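1. what's the 3D shape of this:
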Amino acid sequence: MIAGQRPPGIAGRGTELRAHSGAFFAALILAFATGCGTGGPASGGSTSHGRQLFTSSTVYKPVGCGSCHTLADAGATGAIGPNLDHAFEAVRMQHFKESTIRNVVLDQIRYPTKGSGMPGNLVKGQDAQDVAAYVASVVGKATAVKRTGGTGKDLFASLGCQSCHTLDGTKATGPTFKALFGSKVKLANGQTVTADEAYLLESILDPDKQIVQGYQPGVMSAVIKPHQVSMANAKKLVAFIKQIR
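-> The predicted structure is shown next:
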């Protein structure tokens, strides 16, 4: 397995958040897998009113949601909080129900990570339901075209690998790809293996087959199902990983 560890939080501030956007994405996947929070489920909502609230600068003076988050449909390019389109791209590809996405968005409005800089209940009641409904109806659709070709670098982006794996050695939800190829990897069963082509291919094609020590099964496979990636594309990804020194 390449991805895995349960992240400590979902949102963040400034450059710190951008550096840990993988943790945000993985936390969303874990939320899908384990159920949403304790504020009650989303129950419909007006997407048109939700869009107005998302783009409005009067919701949370002097800025609106778009000043912190990127969302293509809203024309929002904020870079302080997570890029919502990128965060939900893979779950769109996995065909999660819109109602599931709506509940996750609503929970994040109600319970943002402590210290993230985002106030809890920035919008409340029906307004929160409307924002969640709007975001869920459009998020990720601009980027969720499932690519079956391109280079390994293209696949690294389109499959959402960058959400959990860094290229510069920075610690994230999953192991960094920097100098991964050819390195020694200790598995959860105590065995140490070499990250050669065969190991990397197996980790992509069957994410839970071998679990890296310190990580949990089921996180990567919640996004990339076993054998979802074709052998041809898996080989392209391995070729890309081999270049990251």
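2. Spell out which residues make up each domain of the chain.
-> By the assignment in automatic domain parsing, the chain contains the domains 14-138, 152-243.
3. what's the straight distance from one end of the last one to the other?
-> Meaning domain 152-243. End-to-end distance for domain 152-243, by CA to CA, to the nearest Å: 10 Å.
4. Quickly, which of the domains of the chain bottoms out on average pLDDT?
-> Mean pLDDT per stretch puts domain 14-138 lowest among the domains of the chain, at a mean of 75.
5. Would you map the helices across the chain?
-> Ranges of helices in the chain, per DSSP state H, are 14-19, 21-34, 47-55, 84-93, 98-110, 125-138, 152-158, 197-205, 231-243.
6. ok, and for the fifth one, which residues are buried?
-> Within helix 98-110, the residues that qualify as buried by neighbour count (16 or more other CB atoms under 10 Å) are 100-110. Where C-beta positions appear, they are placed from N, C-alpha and C, glycine not excepted.
7. got it, and the third one?
-> Under the neighbour-count criterion of 16+ other CB under 10 Å, helix 47-55 has 47, 49-55 buried.
8. I'd assumed Ala133 was in contact with Thr47.
-> Yes - using CB atoms under 8 Å, Thr47 is in contact with Ala133, at 5.2 Å.
9. quick one: common contacting residues for those two?
-> Common neighbours of Thr47 and Ala133 are not found (criterion: CB atoms under 8 Å, 6 or more residues apart in numbering).
10. before we move on, back to that, would you turn the helices of the chain into a markdown table with distance to Ile224?
-> Listed next are those as a markdown table, based on distance: least, CB to CB, whole Å:
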| stretch | distance to Ile224 |
| --- | --- |
| helix 14-19 | 23 |
| helix 21-34 | 10 |
| helix 47-55 | 30 |
| helix 84-93 | 8 |
| helix 98-110 | 18 |
| helix 125-138 | 22 |
| helix 152-158 | 11 |
| helix 197-205 | 7 |
| helix 231-243 | 10 |
